[in-house]
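1. fold the following and give me the result.
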Amino acid sequence: MDMEMESQNLEHIHPLVFNEEQSNETKKAKCSRCGEVVSDPSFSCGECEFSLHKKCAEAPSKIDRPYHHHHPLVLLPESPYVGSCYCDFCYKKCDFFVYHCSCGLDFHIKCALFTLSIAEQKLQELNHIATKDPSVFLEEGNKELENAKCFGCWLPLGESRYFSVACGFNLHIKCAELPHEINHPFHKEHPLVLQFNIKRFSCKICEETRPRGFLYCCSACSFALHIKCAQQPTKINHLSHRRHPLVLQLNSGNLLCKTCQETQHEKFVYCCSTCNFSLHTECAFLPPIVKDKNHQHPFTLFQGQPSFVCNACGLEGNYIAYICSTCNLMIHTKCISIPLIIGVRRHYHPIYHNYFISENESKIRDCSFCDVEVNIDYGSYYCLRCNFIAHVKCATKYRDRYYIIEAKDIAGNHDDDLGVNPITCVIEQNESGEMTRIKHFSHAHDLILSDNVMENDITCDGCMLLILDSFYCCTLQCNFFHKVCGKSPRKKHLWFHGCQELHILVVGYLFKCSICEYDCGGFSYKCNKFNVHICLQCSVIDYRTKHPGHQHPILYNRNQHGRCNGCGETWRSQFSCKHCDFNLDFDCSRLRLTTRHKRHEHPLALAYQEGNDYPKYHYCDLCEKERDPNLWFYHCAICEFSAHPNCVLAIYIDKG
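-> Sure thing, here's the model as predicted:
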């Protein structure tokens, strides 16, 4: 059947012919209004390449709809904005005709007509859209469907049958049949109307804001509820608390959720006030079975266990757990999604989550973040390569301090040799195997090992500090290196720097160290990503160290607030000892153990406590001000010379 159609209202100069069935000419034609390939009954122009879907041709110039009753949607031939325009239903770009409202609401023609049929409850008009049963697609392993969600309620499509239109938007059939208006006990003043979330209202129950979708709203009171939240019962009977019903109410206090052990102040919870028992709304309705990509078996919901220890993180749990009977695991709800592999600033290699570690695998048991022993019978993060171990909670406590690594991205990304040798050739060794004559990458001449500390002060060309013990020197006397500085690796991971890339040892720069902020020369470790330099002295500090000023190992703790035993100042982040009340700030941990001063002939050693109680000795011999005998100072035992560290080092640094 062919018929002609007047086309002035379609902004085309030629008559259009109606095509009931697709022809060879129209198979590749695209609709001039929606931009999609013409497949339905259509109109086409016999004189030029102009085609229209029948529905696009008949689309009204204005739409008044229940979901947006404030203004009509007006059909425009192009985007009303200078930049790009995106559909508020399918969120794809609008490159052709668009229905627009001055409120900032925009739709493709198909999306607008589809939602209009839903709003007016004309579901018979959608018979041409096939409804899909998600169970069929899930059995076929449809990965895209696993992540797809309903536009209306934002729940996974896998829960019930749904519409899925060709341009990519999805809607549960049950959401298409929602009532336009409801009464809710949390807002008794007015009914709540189903509408598009164009004002970006946040839900009063879950407090989340979604940029698109439906919600039940009272615009006059700015009160809104997501569909899922509006459908939640206000009173439930829960297996975790059989004595009394749980009532949905605002958590005005600090009620702790019995499932996740967290407090969400000013959020709605299911609560029994008599027993002081509460559950977050999301914790009250947990799925019976959960499959996670990091575990080969599904986890099954288990309720009623008064207390248990989570196999994934080693912390206590209450009332609700997920179990894997195959692996004999019982874990927290939130631990199902623990990432398998993560990267942390404190360690260069990826660290892996393990449910337990064999006795012979782990030599160090203390957590690298909190310094408390890790129970290897339960879950932890571990690096077999370096014997690095951490509690799950410590490693993942701050989301900005770790990142998730996919297994497919591991190969080759962390295989750089951390110990790229700066010594390019060993020419001579003594009987004990110590290198006595070497070639160093930074210098053209041979370097020889010397124990003869010169009378004149000489400084190391690597760290720029005085040389007071054995060192490497140039055979032509043009370079001097501390023995340790000469062996500094050419690539190094610096745990205190936010960049996870290796730092490169460079020479010949004048730079300001990004840690101590001193102007330096000599060797430095350069971060190419942020273009910063770190001096050799700062680079040697490890997060776990043994300092001569304290009998126990100390660990850097970002949250350790207290008084530094070195300088007496109060700091928030320090090295601390788990055995006793000892703190050391970052600067004091870097103090040189021995140094010289131009106003004193002998080397000065760092001292940690005054050995003489006589008050006349408690003065600085440089600034002549009183010293605290319990704080660190530099001392010469030969002359009984003592001075503040700042007085000794400040003048020395100015000296160059």
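2. which residues does the residue nearest to Tyr556 when sequence neighbours are not counted contact?
-> Using Cβ to Cβ, 6 or more residues apart in numbering and skipping residues adjacent in sequence, the residue nearest Tyr556 is Tyr543, 4.4 Å away. The C-beta positions use only the backbone N, C-alpha and C, and glycine is treated the same way. Contacts of Tyr543 were listed using Cβ atoms under 8 Å, 6 or more residues apart in numbering, and they are 346, 368, 495-496, 555-556.
3. roughly how far apart are Tyr543 and Lys578?
-> Taken as Cβ to Cβ, to the nearest Å, the spacing of Tyr543 relative to Lys578 amounts to 14 Å.
4. need the residues touching each of those two.
-> Residues touching both Tyr543 and Lys578 comprise Leu555, with contact defined as Cβ under 8 Å, 6+ apart.
5. what's the closest non-adjacent residue to Cys425?
-> With Cβ to Cβ, 6+ apart as the measure, Lys439 is the residue that lies nearest to Cys425, at 4.0 Å, once sequence neighbours are left out.
6. checking my notes, that neighbour in a helix, right?
-> No: using DSSP: H, G, I helix; E, B strand; the rest coil, the secondary structure at Lys439 is strand, not a helix.
7. now the spatially closest residue to Ser539 that is not a sequence neighbour: which helix or strand?
-> For Ser539, the nearest residue in space outside its immediate sequence neighbours is Tyr525; the separation is 5.0 Å by Cβ to Cβ, 6+ apart. The secondary structure element spanning Tyr525 is strand 524-527 (assigned by DSSP states H and E).
8. which secondary structure elements does that strand contact?
-> Packed against strand 524-527 by the contact rule (3 or more Cβ pairs under 8 Å, 6 or more residues apart in numbering; DSSP states H and E) you find strand 503-506, strand 532-535, helix 536-539.
9. at 10 Å instead, please
-> strand 503-506, strand 511-512, strand 532-535, helix 536-539 (3 or more Cβ pairs under 10 Å, 6 or more residues apart in numbering; DSSP states H and E).
10. distance from the chain centre to it, please.
-> Relative to its chain's centre, strand 524-527 lies at 26 Å (Cα atoms, centre = their mean, to the nearest Å).
11. so where do the helices sit in the stretch 201-350 of the chain?
-> Assignment of helices within the stretch 201-350 of the chain using DSSP state H, counting those that start in this stretch yields the ranges 227-230, 281-284.
12. quick one, which of the ones you listed is packed in tightest?
-> For those, average neighbour numbers computed from mean count of other Cβ atoms under 10 Å are highest in helix 227-230, which has a mean of 21.
13. name the helices or strands packed onto that one?
-> Counting contacts by 3+ Cβ pairs under 10 Å, 6+ apart, helix 227-230 packs against helix 173-176, strand 181-184, strand 187-196, strand 214-218.
14. check contacts around Thr263.
-> 251, 253-257, 269, 278, 280 (Cβ atoms under 10 Å, 6 or more residues apart in numbering).
15. of these, buried ones?
-> When the contacts of Thr263 are checked for burial by 16 or more other Cβ atoms under 10 Å, the buried set is 251, 255-257, 269, 278, 280.
16. who touches Thr326 in this structure?
-> Listed by Cβ under 10 Å, 6+ apart, the contact partners of Thr326 are 295-298.
17. of these, keep whichever come out buried.
-> In these, burial by neighbour count holds for His295, counting by 16+ other Cβ under 10 Å.
18. out of everything not next to it in sequence, what's closest to Gly562?
-> In space, and not counting its chain neighbours, Gly562 is closest to Asn583: 4.8 Å by Cβ to Cβ, 6+ apart.
19. hmm, that neighbour is touching Gly549, no?
-> No: with contact taken as Cβ atoms under 10 Å, Asn583 and Gly549 are classed as non-touching, separated by 11.6 Å.
20. which one's more surrounded, these two?
-> Asn583 (21 against 18; other Cβ atoms under 10 Å).
21. on the strand side of things, show who that one bridges to.
-> Following DSSP bridges, Asn583 is listed with bridge partners Ser576.
22. how many neighbours does the closest residue to Leu157 other than its chain neighbours have?
-> Leaving aside its chain neighbours, Leu157 sits nearest to Ala148 (4.8 Å; criterion: Cβ to Cβ, 6+ apart). Taking other Cβ under 10 Å as the neighbour definition, Ala148 ends up with a count of 18.
23. how far away is Ala148 from Cys94?
-> Between Ala148 and Cys94 the distance, using Cβ to Cβ, works out to 21 Å.
24. repeat that for Gly317.
-> Noted for Gly317: a distance of 49 Å to Cys94, by Cβ to Cβ.
25. just for the stretch 551-656 of the chain, where's the confidence low?
-> For the stretch 551-656 of the chain, the stretches with pLDDT under 70 are 612-616, 651-656.
26. what about the strands in it?
-> Listed from the start of the chain, the stretch 551-656 of the chain has strands (DSSP state E, counting those that start in this stretch) covering 554-557, 562-563, 570-571, 574-576, 583-584, 594-597, 600-607, 633-636, 641-643.
27. got CSV for these, with distance to Cys217 too?
-> Shown next, in CSV, are those (distance: least, Cβ to Cβ, whole Å):
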stretch, distance to Cys217
strand 554-557, 47
strand 562-563, 51
strand 570-571, 50
strand 574-576, 51
strand 583-584, 54
strand 594-597, 70
strand 600-607, 68
strand 633-636, 69
strand 641-643, 72
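28. of all the ones you listed, which lies closest to His443?
-> strand 594-597 (24.6 Å; Cβ to Cβ).
29. strand partners (parallel or antiparallel) of the closest one?
-> With DSSP bridges as the test, strand 594-597 is paired with strand 600-607 (antiparallel).
30. name the residues of the strand it pairs with that are buried.
-> Neighbour-count burial for strand 600-607 flags 600, 604-607 (criterion: 16+ other Cβ under 10 Å).
31. on that earlier part again, and the buried ones among the contacts of Tyr543, selectable in PyMOL?
-> Buried members of those, defined by 16+ other Cβ under 10 Å, are picked up in PyMOL with:
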select buried, resi 346+368+495+555+556
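32. quick one: which of the contacts of Tyr543 is nearest to Thr424?
-> Nearest to Thr424, judged by Cβ to Cβ, of these is Trp495 at 27.4 Å.
33. test my guess that the closest one contacts Thr545.
-> No: applying Cβ under 10 Å, one finds Trp495 not in contact with Thr545, separated by 11.3 Å.
34. anything in contact with each of those two?
-> Common contacts of Trp495 and Thr545, defined by Cβ under 10 Å, 6+ apart, comprise Tyr556.
35. residues near the closest residue to Arg243 other than its chain neighbours, how many?
-> Closest residue in space to Arg243, ignoring its immediate chain neighbours: Cys275 at 6.5 Å, by Cβ to Cβ, 6+ apart. Here the count is done by other Cβ under 10 Å, and Cys275 has 11 residues near it.
36. Lys30 reaches Ser44, doesn't it?
-> No: using Cβ under 10 Å, Lys30 is not in contact with Ser44; the gap is 11.0 Å.
37. need the overlap of contacts for those two.
-> 38, 50-52.
38. got a markdown table for those, with secondary structure and pLDDT too?
-> Converted to a markdown table, the shared contacts of Lys30 and Ser44 look like this (DSSP: H, G, I helix; E, B strand; the rest coil; pLDDT from 0 to 100):
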| residue | secondary structure | pLDDT |
| --- | --- | --- |
| Val38 | coil | 81 |
| Phe50 | coil | 83 |
| Ser51 | strand | 84 |
| Leu52 | strand | 83 |
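39. out of these, who's the most crowded?
-> Sorting the shared contacts of Lys30 and Ser44 by how many neighbours each has (other Cβ under 10 Å) puts Leu52 first, at 26 neighbours.
40. ok so, going back, output the helices and strands packed on strand 524-527 as a markdown table; include the columns distance to His635 and mean neighbour count.
-> Supplementary listing: these in a markdown table, determined by distance: least, Cβ to Cβ, whole Å; neighbours: other Cβ atoms under 10 Å:
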| stretch | distance to His635 | mean neighbour count |
| --- | --- | --- |
| strand 503-506 | 34 | 18 |
| strand 511-512 | 31 | 16 |
| strand 532-535 | 25 | 22 |
| helix 536-539 | 21 | 23 |
